[in-house]
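**Q** My questions concern the predicted model and sequence given below.
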Amino acid sequence: MLGLQTQSSVLSGWRVVGVSGEKWLTLGHFGVHNGGQWGVWASDPISASRQVDLVEKVVKARVMFVGAHERQLDDKGRVALPATYRAHLGEHCYLVKGTDKCVEVIPSEAFEQFGRELIAKVDRGELTLNRQRAMASSATLVTLDKQGRVNVDEKLRTYADIALESQVIVAGNLVNLEIWSPARYARIDAEGTDDIAGDPA
């Protein structure tokens, strides 16, 4: 019987655990877990294959992006996304203008929901139609190449103050990935750290 080798977390009533193997998945607070197969524990026994099917659905619906990584744009505006994120982005993803002048990286499967939520907020008067327009016009469908690189186009680089061949920070905000200029990310991270620590702004 295979031994359970990684930490577990409780998510939507399921206790998720990694089983020793080859494939790594990003899940919740624990970041990246190695596990060729994934299973779930429940009070009622279910087959191993059913466990894998169930937890894969949970992972697809509830993946959380964590961590921060230093990267560099090349002379064509391409940046290699960390390998730990790529499996959850698939072959395609969207780049859009993000809050606080970052570039958000949104999995293509999640982008439709993202758009619906944005439209609903505009309909309720929580956001302006101009914001919806700016977001829609900035959205770019990109393809990850064999090296896991995506192209950040000129309008998004200008928005985020990112230059060609410059360093960037690729960080998770739990929901999506974000691409930052290092100076702006350092400021945002410091503000968030102060907020966590309870220090005055």
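**A** Thanks, I have it.
**Q** Mean pLDDT per helix and strand in the chain: which one sits at the bottom?
**A** strand 14-19 (a mean of 28; mean pLDDT, DSSP states H and E).
**Q** Give me the distance between the two termini of stretch 161-172.
**A** Across its full length, stretch 161-172 reaches 19 Å between end residues, using C-alpha to C-alpha, to the nearest Å.
**Q** all strands for this structure, in order.
**A** Along the chain, counting by DSSP state E, strands occupy 4-11, 14-19, 24-26, 32-34, 37-41, 68-72, 78-80, 92-97, 103-107, 140-143, 149-151, 167-172, 177-180.
**Q** weakest of the ones you listed by average pLDDT?
**A** Lowest mean pLDDT of those: strand 14-19, a mean of 28.
**Q** Report the separation between residue 99 and residue 160.
**A** Distance of residue 99 to residue 160, given as C-beta to C-beta, to the nearest Å: 11 Å. Backbone N, C-alpha and C define where each C-beta goes, glycine included.
**Q** So for the two, which sits in the more crowded spot?
**A** Using other C-beta atoms under 10 Å as the criterion, residue 99 and residue 160 rank with residue 160 on top: 21 against 9.
**Q** any idea how far the closest residue to that one other than its chain neighbours is from residue 114?
**A** The shortest distance from residue 160 to any non-neighbouring residue, by C-beta to C-beta, 6 or more residues apart in numbering, is to residue 103 (5.0 Å). Going from residue 103 to residue 114 by C-beta to C-beta gives 14 Å.
**Q** Which of those two has more residues huddled nearby?
**A** Neighbour count, other C-beta under 10 Å: between residue 103 and residue 114, residue 103 has more, with 26 against 18.
**Q** what's stretch 161-176 in contact with?
**A** Residues from elsewhere that reach stretch 161-176, judged by C-beta atoms under 8 Å, 6 or more residues apart in numbering: 64-77, 79, 81-82, 85, 98, 101, 103-107, 110, 152, 156-157, 177-182, 184-185.
**Q** what's the span of it, first residue to last?
**A** From its first residue to its last, stretch 161-176 covers 20 Å (C-alpha to C-alpha).
**Q** buried residues in that stretch?
**A** Neighbour-count burial for stretch 161-176 flags 162, 168, 169, 170, 171, 172, 176 (criterion: 16 or more other C-beta atoms under 10 Å).
**Q** Beta-bridge partners for the third one, please?
**A** Going back to what we said before, that points to residue 169. Legend: beta-bridge partners of residue 169 under DSSP bridges are residue 70, residue 180.
**Q** ok, it to residue 94 distance?
**A** Separation of residue 169 from residue 94 (C-beta to C-beta) stands at 19 Å.
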